[in-house]
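Got a predicted structure here, sequence first:
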Amino acid sequence: MRPAEFVEAVAILDDRVTVVGTSSEIKAYSGPRTKLIDLAGRLTVPGFIDDHVHFIYGGFQLLEIDLKNARSEAEFVVRIAERARSMKPGRWMQGGYWDEEAWPGARLPTRWMIDAVTAETPVFIRRYDGHAALGNSLALKLAGITKATPDPPGGIIVRDPKAGEPTGVFKDAAESLIEKAIPRPTQEEFEEALKAGLAEARRVGVTSVQDITVGSDSPDGRFTAEIQLLRRAEREGWLTCRFYAITPIADWKQLADAGISRGTGSNFVKQGAVKGFSDGSLGSRTAWMFAPFVDDPGNRGIPLPLMSPPSKMEAAVRSADAAGIQIAAHAIGDRANAEMLDIYARLGNGDPRAHRFRIEHAQHVRPADFARFGKLGVIASMQPYHAIDDGRWAEKRLGPERARSSYAWRSMLNSGAPLAFGTDWPVAPLDPLLGLYAAVTRATLDGKHPEGWFPEERLNLDAALRIYTAGSAYASFEEKEKGTITPGKLADLVVLSEDLFSIAPERIKEARVVTTIVGGKVVYERQ
């Protein structure tokens with residue numbers, strides 16, 4: 001018996017599902033205010049809810065240089081040269097999302113590789129995980145970075161081992177040294193990026209996002225330009241995706257003073273959650289680990305400033321939680337995850353459903369800590385695509401034993417922990433069907449693990465789909481509003497080209513979204 005049923009037709013009143021049934025049953029509910037949608041026998045699922053995106057960054061990335069698929073240093077340089085020739089002198093080149101692990105030799109790029117082709121163009125392009133970025137010499141000059149510039153707390157300026165000169169790569173908190181020199185995008189550029197992101201979300205069936213892009217843009221307490229833009233888009237009627245905004249944890253007092261707590265806002269733009277960073281990333285070797293990296297024996301990663309010492313993170317979490325604000329903490333390494341669980345354990349007395357503490361990524365976890373996720377009810381906010389991408393090289397960093405308990409959705413689910421799925425877009429593609437494919441196959445992108453990288457951590461399709469919809473709705477306190485096709489809930493639906501339950505798992509990535517419906521309105525139809 002198939003674990004999910006076809007929905008033939010729905011009746012929608014205003015923006016809510018009123019009746020779910022067969023095409024003939026639905027006809028009885030026809031009326032002047034009731035919209036009937038015949039789904040033509042295709043598999044229809046709740047609108048996908050991506051629980052971890054950087055939406056504006058993703059929108060800008062669609063408009064900026066894309067280096068994710070550059071497969072060599074030479075191709076990397078050629079693409080940058082082509083982009084620089086098309087730009088006005090002095091305008092910053094951004095975007096990037098390069099991946100040196102895909103290059104022969106897997107060496108980090110340097111500013112000297114690109115200086116000759118970007119003499120009049122300041123460059124600051126990110127590694128695909130967002131935890132490292134490359135600036136050219138002009139960018140370093142404009143930011144005032146020299147050999148004498150010290151590493152900031154929680155950041156690393158990568159230096160040439162012989163001369164000590166900055167190579168142009170900045171990791172984690174060090175990225176801000178260049179960012180401060182980059183002109184802020186104009187309101188028109190923000191709007192263009194948002195519209196590009198919304199078009200992509202419609203195309204891939206994402207009807208809600210939990211957006212970890214937004215943050216303070218001024219010292220006087222105003223909220224972000226992104227929030228203001230989202231609210232304007234909602235008023236003007238062109239916001240076709242729902243947003244749960246997660247701002248930096250440093251903003252908790254601003255939120256509290258404005259009377260904002262969990263779930264404040266409309267059905268399209270909600271606030272009331274904050275995020276803190278405890279460490280960096282595996283790719284940049286800044287994830288905070290108990291043991292050193294196999295390919296960098298002197299390095300256990302770094303706790304970021306808010307986690308150094310952990311009492312600083314605990315104080316911030318305690319204050320925000322007391323104000324009724326949800327906490328999401330970025331934790332990649334096993335040490336970072338363990339420290340966050342310790343903090344949540346001290347604060348989470350009572351019903352975990354009231355707090356819904358989150359750990360973003362929960363990527364590398366000691367086997368003993370899975371049970372703690374379940375016991376504490378901590379939401380594991382995970383991104384399946386990362387496993388099939390990082391699985392190409394992660395064992396070089398971790399060795400097989402630590403890799404075995406990494407990206408471990410099945411172990412997390414078996415522990416009783418609530419799970420939510422997303423992409424980390426633009427770190428990974430926004431397409432949820434690729435996430436479902438990754439969750440059920442774990443087949444790495446290099447083709448070396450067709451049966452699954454640590455296949456015991458695969459999920460069945462029904463579980464993966466529920467996590468990507470109902471699980472993500474729970475992660476934002478919205479399970480009564482969305483996540484299932486149920487009378488009374490928001491009419492956010494996605495019609496698919498294939499019955500995913502009737503095709504081989506490896507074909508899931510070939511399926512496409514046929515129709516995206518948000519609040520009962522068709523916002524995308526595939527031609």
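Thanks, I have the structure now.

low-scoring stretches of the stretch 201-350 of the chain, by residue?
Counting by pLDDT under 70, the stretch 201-350 of the chain has low-confidence residues at 214-224.

All the strands of it, residue numbers only.
Secondary structure of the stretch 201-350 of the chain (DSSP state E, counting those that start in this stretch): strands located at 206-211, 242-248, 264-265, 269-277, 326-331.

Of all the ones you listed, which one is nearest T149?
Minimum separation from T149 across those (C-beta to C-beta) falls at strand 269-277, 21.8 Å. (Glycine included, C-beta is placed from N, CA and C.)

and the angle for that closest one with strand 242-248?
Angle of strand 269-277 versus strand 242-248, following axes from the mean of the first three to the mean of the last three C-alpha atoms, to 10 degrees, is 40 degrees.

elements contacting strand 269-277?
helix 225-236, strand 242-248, helix 252-257, strand 264-265, helix 310-322, strand 326-331 (3 or more C-beta pairs under 8 Å, 6 or more residues apart in numbering; DSSP states H and E).

between the strands of the stretch 201-350 of the chain, which one is nearest to L436?
Closest to L436 of those is strand 206-211 (C-beta to C-beta; 12.7 Å).

got the contact list for the worst-scoring helix or strand of the chain on mean pLDDT?
Lowest by mean pLDDT, DSSP states H and E among the helices and strands of the chain is helix 23-26, with a mean of 82. The contact list for helix 23-26 (C-beta atoms under 8 Å, 6 or more residues apart in numbering) reads 8-11, 19, 36, 38.

Then stretch 250-267?
Under the criterion C-beta under 8 Å, 6+ apart, residues 15, 215-216, 221, 223, 234, 242, 247, 270-274, 316, 319-320, 323-326, 476-478, 481, 490, 519 lie in contact with stretch 250-267.

measure that stretch end to end?
25 Å (C-alpha to C-alpha, to the nearest Å).

and what of stretch 511-527?
First-to-last residue span, stretch 511-527, C-alpha to C-alpha: 14 Å.

Let me know the average pLDDT across it.
Taken as a whole, stretch 511-527 has an average pLDDT of 96.

Can you point out the buried residues in it?
Under the neighbour-count criterion of 16 or more other C-beta atoms under 10 Å, stretch 511-527 has 511, 513-520, 523-524 buried.

next one: that stretch to chain centre, how far?
Put simply, stretch 511-527 sits 22 Å off its chain's centre (C-alpha atoms, centre = their mean, to the nearest Å).

Out of the strands of the stretch 201-350 of the chain, the one nearest R507 is which?
Proximity to R507 (C-beta to C-beta) singles out strand 206-211 among these, at 20.9 Å.

Now find how far off-centre that closest one is within its chain.
That offset, for strand 206-211, works out to 10 Å (C-alpha atoms, centre = their mean).

Which strands border it, and is each parallel or antiparallel?
Counting by DSSP bridges, the strands paired with strand 206-211 are strand 48-53 (parallel), strand 242-248 (parallel).

With distance to F454 and mean neighbour count as new columns, can the helices and strands packed on strand 269-277 be given to me in a markdown table?
Formatted as a markdown table, those follow (distance: least, C-beta to C-beta, whole Å; neighbours: other C-beta atoms under 10 Å):
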| stretch | distance to F454 | mean neighbour count |
| --- | --- | --- |
| helix 225-236 | 37 | 17 |
| strand 242-248 | 30 | 26 |
| helix 252-257 | 37 | 17 |
| strand 264-265 | 40 | 18 |
| helix 310-322 | 29 | 17 |
| strand 326-331 | 20 | 27 |
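
could the ones you listed be laid out in CSV, adding distance to E451?
Converted to CSV, the helices and strands packed on strand 269-277 look like this (distance: least, C-beta to C-beta, whole Å):
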stretch, distance to E451
helix 225-236, 42
strand 242-248, 36
helix 252-257, 45
strand 264-265, 45
helix 310-322, 39
strand 326-331, 29
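
pLDDT below threshold where in the stretch 401-527 of the chain?
Along the stretch 401-527 of the chain, no part satisfies pLDDT under 70.

Which residue ranges of it form helices?
For the stretch 401-527 of the chain, the helices defined by DSSP state H, counting those that start in this stretch cover 409-414, 432-441, 461-466, 472-475.

Check which helices and strands the shortest one sits against.
It refers to helix 472-475. Using 3+ C-beta pairs under 8 Å, 6+ apart, helix 472-475 sits against strand 48-53, strand 206-211, strand 379-382, strand 419-421.

Which neighbouring elements make contact with the shortest one?
I take that to be strand 419-421. Secondary-structure packing of strand 419-421 (3+ C-beta pairs under 8 Å, 6+ apart): strand 48-53, strand 379-382, helix 409-414, helix 432-441, helix 472-475.

now, of the ones you listed, which is deepest in the fold?
Using mean count of other C-beta atoms under 10 Å, the stretch among the helices and strands packed on strand 419-421 with the largest mean neighbour count is strand 48-53, at a mean of 29.

Just grab the bridge partners of L490 for me.
Assessed by DSSP bridges, L490 has beta-bridge partners R16.

residues contacting it?
15-17, 242, 267, 481-482, 519.

again, but for A116
For A116, no contacting residues are found, by C-beta under 8 Å, 6+ apart.

which residue sits closest to the residue nearest the centre of the chain, ignoring its sequence neighbours?
Nearest to the mean C-alpha position of the chain, counting by C-alpha atoms, centre = their mean, stands D424 at 1.8 Å. With sequence-adjacent residues excluded and distances taken as C-beta to C-beta, 6 or more residues apart in numbering, D424 is closest to Q383, at 4.8 Å.

What's the local residue count around the one you found?
When counting by other C-beta atoms under 10 Å, one arrives at 28 neighbours for Q383.

Could you do F170 as well?
By other C-beta under 10 Å, 30 other residues sit near F170.

tell me the SS of it?
Under DSSP: H, G, I helix; E, B strand; the rest coil, the three-state class of F170 is strand.
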